[in-house]
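Chemist: Show me how the following folds:
(one chain, ligands or ions: 2)
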Amino acid sequence: MPLSLGVCGSAGTHPGPGQACSGYLVAAGASRLLVDAGNGSLSQLQRWVDVADLDAVLLSHTHPDHCVDLYGLYYARRFHPADPAPLTVYAPAGAEAQLAALLPPDAREGFSQHLRFVPVAAGDTLVVGALTVRLHAAVHPVETLAARIIADGRVLAYSGDTHGGDDVAAAAAAADLFVCDATWLAADGPHPEGLHCTGAEAGALAEQAGARRLLVTHVNPRLDRDAMAAEAAEHTTAEVTAAEDGLWVAV
Ligand SMILES: [Zn+2]
Ligand SMILES: [Zn+2]
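Modeler: Numbering: from 1, shown residues only. Ligands and ions are numbered 1, 2, ... in the order given. Predicted coordinates:
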């Protein structure tokens, strides 16, 4: 399979009606990487892949809309008939302790046995089968990783949650597809600093990066995603579309 992206969840901050929070299946060859595991994203994920066949997970950060479906993933693998080996979860330092703290004592040991957390940071490069993943720093109140994912010479970039940032633009430099946080419409502002992009800011970031295509995502479920794409398109020459759950795109 060529480098491809499946959107398991496209809602920003909280789920919408029939819409899950951030989760993306990245596939190339036989490799399968889940990037983020927000509320409800495990549902769409399983339409594409058996949870036992995931090669790794990458968490951009530990806000609930990006990580709480790790609990479901843990149980799905723990009770899977194939008894899969522990799954590597690349995440910012402290993620395991933060997530384990919500579990009752009977579940904590298994959580750490079935999911093997590996702390990672901006500047690190990961290799997950056919995928090479370079981590960058996003602009967000907690440590948040953007990612530049390469396979077969194609480049997929993911902003994580970010309010712009030169290192996110570096992650998306000349990307074939840039998946970018576009939570709010600029027209509804002002918005808090240092949290998320507006559609306009996502478009400007894609333009700064020279990305070829822009997929706006993490849209607040109360907003019209097509209006978000239209706002972004006013600020970039990249081809702009809006993410929706179940969307599958070749990078
Ligand atoms: Zn978020
Ligand atoms: Zn966040």
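
Chemist: So what's the residue count around the closest residue to residue 8 other than its chain neighbours?
Modeler: Among residues not flanking residue 8 along the chain, residue 23 sits closest, at 3.5 Å (Cβ to Cβ, 6 or more residues apart in numbering). Backbone N, C-alpha and C define where each C-beta goes, glycine included. Here the number of neighbours of residue 23 (other Cβ atoms under 10 Å) works out to 28.

Chemist: correct me, but residue 23 touches residue 9?
Modeler: Yes: if you go by Cβ atoms under 8 Å, residue 23 and residue 9 touch, sitting 4.3 Å apart.

Chemist: Which neighbours do the two have in common?
Modeler: Residues within reach of residue 23 and of residue 9 at once, by Cβ atoms under 8 Å, 6 or more residues apart in numbering, are 36, 38, 41, 44.

Chemist: doesn't residue 69 make contact with the third one?
Modeler: Spelled out, it's residue 41. Yes: contact criterion Cβ under 8 Å: residue 41 and residue 69 qualify, at 5.2 Å.

Chemist: Which residues are in contact with each of the two?
Modeler: In contact with both residue 41 and residue 69: residue 23, using Cβ under 8 Å, 6+ apart.

Chemist: C-alpha coordinates for the helix or strand bottoming out on mean pLDDT in the chain, CSV please?
Modeler: Lowest by mean pLDDT, DSSP states H and E among the helices and strands of the chain is helix 105-114, with a mean of 95. C-alpha atoms of helix 105-114 as CSV (Å, rounded to 0.1, in the frame of the first residue of the first chain):
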residue,chain,number,x,y,z
PRO,A,105,-5.5,-0.8,40.7
ASP,A,106,-6.6,-4.1,39.1
ALA,A,107,-6.0,-2.6,35.6
ARG,A,108,-2.8,-0.7,36.0
GLU,A,109,-0.3,-3.5,35.7
GLY,A,110,-2.0,-4.9,32.6
PHE,A,111,-2.1,-1.4,31.0
SER,A,112,1.7,-1.1,31.3
GLN,A,113,2.2,-4.7,30.2
HIS,A,114,0.1,-4.5,27.0
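
Chemist: Who are the packing partners of it?
Modeler: helix 70-78, helix 95-100 (3 or more Cβ pairs under 8 Å, 6 or more residues apart in numbering; DSSP states H and E).

Chemist: Dump those to a markdown table, plus mean neighbour count, distance to residue 209 and mean pLDDT.
Modeler: Listed next are the helices and strands packed on helix 105-114 as a markdown table, based on neighbours: other Cβ atoms under 10 Å; distance: least, Cβ to Cβ, whole Å; pLDDT from 0 to 100:
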| stretch | mean neighbour count | distance to residue 209 | mean pLDDT |
| --- | --- | --- | --- |
| helix 70-78 | 19 | 29 | 98 |
| helix 95-100 | 17 | 27 | 98 |
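
Chemist: Would you mind telling me which of the ones you listed is nearest residue 239?
Modeler: Closest to residue 239 of these, according to Cβ to Cβ: helix 70-78, at 32.6 Å.

Chemist: List of residues touching the closest one?
Modeler: Contacts for helix 70-78 (Cβ under 8 Å, 6+ apart): 34, 37, 42, 51-52, 54, 57, 59, 84, 87, 89, 99, 102-103, 107, 110-111, 114-115.

Chemist: If we use 10 Å, what do you get?
Modeler: 34, 36-43, 45-46, 50-52, 54, 57, 59, 62, 69, 83-87, 89, 91, 95-96, 99, 102-103, 107, 110-115, 117 (Cβ atoms under 10 Å, 6 or more residues apart in numbering).
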